[in-house]
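**Q** Give me the fold of what follows.
(one chain, ligands or ions: 1)
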Amino acid sequence: MRLTLRTLSGIPEVCRPPVRPDQLQPGIVHIGLGAFHRAHQAVFTQQALVQAGGDWGIVGVAPRSVDVVGAMREQDGLFTVTRLRDGDASASATQVVGVHTRLLHALTEPAEVIAAVAAPTTRVVTLTVTEKAYRLDPATGRLRSDDPDLRADLSTVTEFDAPARTLPGMLLRGLAARAQADAGPLAVLCCDNLPDNGHRVAGMVTQALELLTTLTAGTVTAATASRLTEWVTANVAFPSSMVDRIVPATTPTLLERVERVLGVADRAAVGAEDFSQWVITDDFPGGRPAWEQAGAILTGDVSPWERVKLRLLNGAHSALAYLGALAGRATIADAIRLPGMHDFLTLLAQEVSTTLTPPPGLEPEKYAAAVRERFANSALGHRTIQVAMDGTQKLPQRVLAPLADLRTTGVSPRWTPLVLAGWMRFVRGYADDGSRLPLDDPLADRIADALRDAGGTDPASTVDALLGLRDVFPASIAEDPVIRSTVTAWLTELEKHGAAAVIAGIASRETIGPTG
Ligand code: CS2
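**A** Coordinates of the predicted model:
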């Protein structure tokens, strides 16, 4: 038996959803049906509907994988979110969410997806597709205009029933269809961990439109491109948002727990920490759900929030992922329990905080301490390998941007370079005990080529080779002698002693660690 509208009455009352998908009208198209969306935007939207109502049901679109779409369809759009807390196995920790009015699979149902974006009832498109899907150059944030999949998508931008290969391609098709139907203004809201994410996506769309005008192949004429550009400029807003909730990949243990609690199976279940935050630029020309009534902060400028979060939370998360994985720790909670890790993360946060202008009332040291407590939640079982993936897409905003800012103010950073050195050792593919580490990164082949072509396997050659990936490391980082020598010194330490010993020695090595 599965969780469905029909079996809802049999599950414990405390778990039942406050709204039902069959009583909602859609107003949002969400692209990216991963665990994060289900535990974040879906939950905020449900709460906003409870508080203020409105036609804000969600049409959920999975770009590639069909699994979640299949599972949610079989469950009438329903799924559960379980709050994961040590020692809490209560039924009330599991809540059914019922805001998805329709589920679509972009690869096999491209025309339906485009029609949903073009529908006048749709007024917001939200995105959680991960950093790499935007096809942006990580170092500059500019669209990778030489990407063959993207070019193929753009040259067929008005073929609405052909599946798009890329997210920018899918979005442009949707906007082209909406422009054709003149279906009214729209907000495209990025909910991925990118810096200035609204501006990035706006830039992505503008650059894709420029590219469109230069492409001669395909069915697109210059007139189509310029009409579309005009329509987008007049009708589409790209608010920014800072999203925060730790949502690890679903495990078999969680599925079993949920089935025990509900008495029926939920194949789209997700587990998450209790904490949840959403800060959004209030720029929605077609209206929006009353997310502020669900606890979101609607503001004029998200960037101070987003910078604090990317640098103090995500930066520390990546540090734990690489150094923890090297030290043989399977989860983030295990990694933060490495002796000395708290001291290191505290020093790292102090160093990074000098690059921040936090929003009023936010104290970076307190924020960083609260983040460390969240990471220590062992009920999450968040794997270091999961956070370690896609490093080339994550490090620029989490680690390289604060490094560059520190250098601009004449500081010689000491702790941030250790995170970079950890990544460099991690991508060599072996933990400190010699076991293999997987490299899951869109630039994995380029990393492998760079390491193979390096002059040697010593730390200096490794640093040279990897900093040569210029679409990841801008010249301000790659050519800075202080950064190069500090990263090389930390990599040498990591190779000599292993990550656990380096971290254990941090507190006592304040005066003897690499200083550049
Ligand atoms: C993590 C984030 O996987 C990762 O890279 O750092 O997904 C993190 O859990 C979220 O941003 C928390 O809001």
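**Q** Let me know how buried the closest residue to His497 other than its chain neighbours is, in neighbour terms.
**A** Computed as C-beta to C-beta, 6 or more residues apart in numbering, the closest residue to His497 that is not its neighbour in sequence is Gly505, at 7.6 Å. For every residue, glycine as well, the C-beta is placed using N, CA and C. Using other C-beta atoms under 10 Å, Gly505 has 18 neighbouring residues.
**Q** Name the nearest residue to the closest residue to the ligand within the stretch 151-300 of the chain, sequence neighbours excluded.
**A** Residue nearest to the ligand within the stretch 151-300 of the chain (C-beta to the nearest ligand atom): Asp244, separated by 3.9 Å. Sequence neighbours aside, Gln277 is the residue nearest to Asp244 in space, at 4.2 Å (criterion: C-beta to C-beta, 6+ apart).
**Q** picking up where we left off before, ok, the residue of the stretch 151-300 of the chain closest to the ligand touching Trp278?
**A** Yes: Asp244 lies in contact with Trp278 (C-beta atoms under 8 Å); the separation is 7.4 Å.
**Q** and these two? which has more neighbours close in?
**A** Trp278 (23 against 19).
**Q** wait, what's in contact with that one?
**A** By C-beta atoms under 8 Å, 6 or more residues apart in numbering, the contact set of Trp278 is 40-41, 44, 241-244, 291, 295-297.
**Q** ok, 10 Å please
**A** 40-41, 43-44, 191, 241-245, 291-292, 294-298, 302, 305 (C-beta atoms under 10 Å, 6 or more residues apart in numbering).
**Q** And the helix-or-strand element of the chain with minimal mean pLDDT, what's buried?
**A** Between all helices and strands in the chain, the lowest mean by mean pLDDT, DSSP states H and E belongs to helix 222-235, at a mean of 92. Neighbour counts using 16 or more other C-beta atoms under 10 Å place 224-225, 228-229, 231-232, 235 of helix 222-235 among the buried residues.
**Q** for stretch 319-339, same thing?
**A** 319-329, 331-336, 338.
**Q** So which of those belong to strands?
**A** Using DSSP state E, no member of the buried residues of stretch 319-339 falls in strands.
**Q** quick one: which helix or strand includes the closest residue to the ligand within the stretch 401-516 of the chain?
**A** Using C-beta to the nearest ligand atom, Asp440 is the residue of the stretch 401-516 of the chain that sits closest to the ligand, at 11.2 Å. Using DSSP states H and E, Asp440 maps to neither a helix nor a strand.
**Q** was I right about it contacting Phe426?
**A** No: taking C-beta atoms under 10 Å as the definition, Asp440 is not a contact partner of Phe426, at 11.1 Å.
**Q** Who has more neighbours out of these two?
**A** Set Asp440 next to Phe426 and count neighbours by other C-beta under 10 Å: Phe426 wins out with 25 against 12.
**Q** check contacts around that one.
**A** 318, 321-326, 384-385, 388, 391, 437, 439, 494, 499.
**Q** what's the answer for Ala290, then?
**A** Neighbours of Ala290 in contact, by C-beta under 10 Å, 6+ apart: 45, 47-54, 56, 296, 298.
**Q** Ok, Val125 next?
**A** Taking C-beta under 10 Å, 6+ apart, one finds 28-31, 59, 61, 116-117, 171, 174-175, 178, 186-190, 236 in contact with Val125.
**Q** For it, which three-state class applies?
**A** strand (DSSP: H, G, I helix; E, B strand; the rest coil).
**Q** picking that back up, summarise which helices and strands the least confident helix or strand of the chain is packed against.
**A** helix 167-181, strand 186-190, helix 197-214 (3 or more C-beta pairs under 10 Å, 6 or more residues apart in numbering; DSSP states H and E).
**Q** same thing but 6 Å
**A** helix 167-181, helix 197-214 (3 or more C-beta pairs under 6 Å, 6 or more residues apart in numbering; DSSP states H and E).
**Q** re the thing from before, inside strands: which ones of the contacts of Trp278?
**A** 241-244, 297-298.
**Q** Kindly present the helices and strands packed on helix 222-235 as TSV, with separate columns for distance to Leu347 and mean neighbour count.
**A** TSV is the format used below for those (distance: least, C-beta to C-beta, whole Å; neighbours: other C-beta atoms under 10 Å):
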stretch	distance to Leu347	mean neighbour count
helix 167-181	37	23
helix 197-214	29	20
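**Q** and those as JSON lines, adding distance to the ligand and mean pLDDT?
**A** Putting these into JSON lines (distance: least, C-beta to the nearest ligand atom, whole Å; pLDDT from 0 to 100) gives the following:
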{"stretch": "helix 167-181", "distance to the ligand": "18", "mean pLDDT": "97"}
{"stretch": "helix 197-214", "distance to the ligand": "12", "mean pLDDT": "94"}
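**Q** Kindly reformat those helices as CSV containing distance to Ala379.
**A** Below are these laid out as CSV (distance: least, C-beta to C-beta, whole Å):
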stretch, distance to Ala379
helix 167-181, 33
helix 197-214, 29
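**Q** so what's Asp192 up against?
**A** Thr128 (C-beta atoms under 6 Å, 6 or more residues apart in numbering).
**Q** Tell me the spacing between it and Thr156.
**A** As for Asp192, its distance to Thr156 is 25 Å (criterion: C-beta to C-beta, to the nearest Å).
**Q** Can you show me the helices along the stretch 51-200 of the chain?
**A** 67-74, 110-118, 148-154, 167-181, 197-214 (DSSP state H, counting those that start in this stretch).
**Q** closest one to Arg484 among the ones you listed?
**A** Taking C-beta to C-beta, helix 197-214 is the member of these nearest to Arg484, at 28.0 Å.
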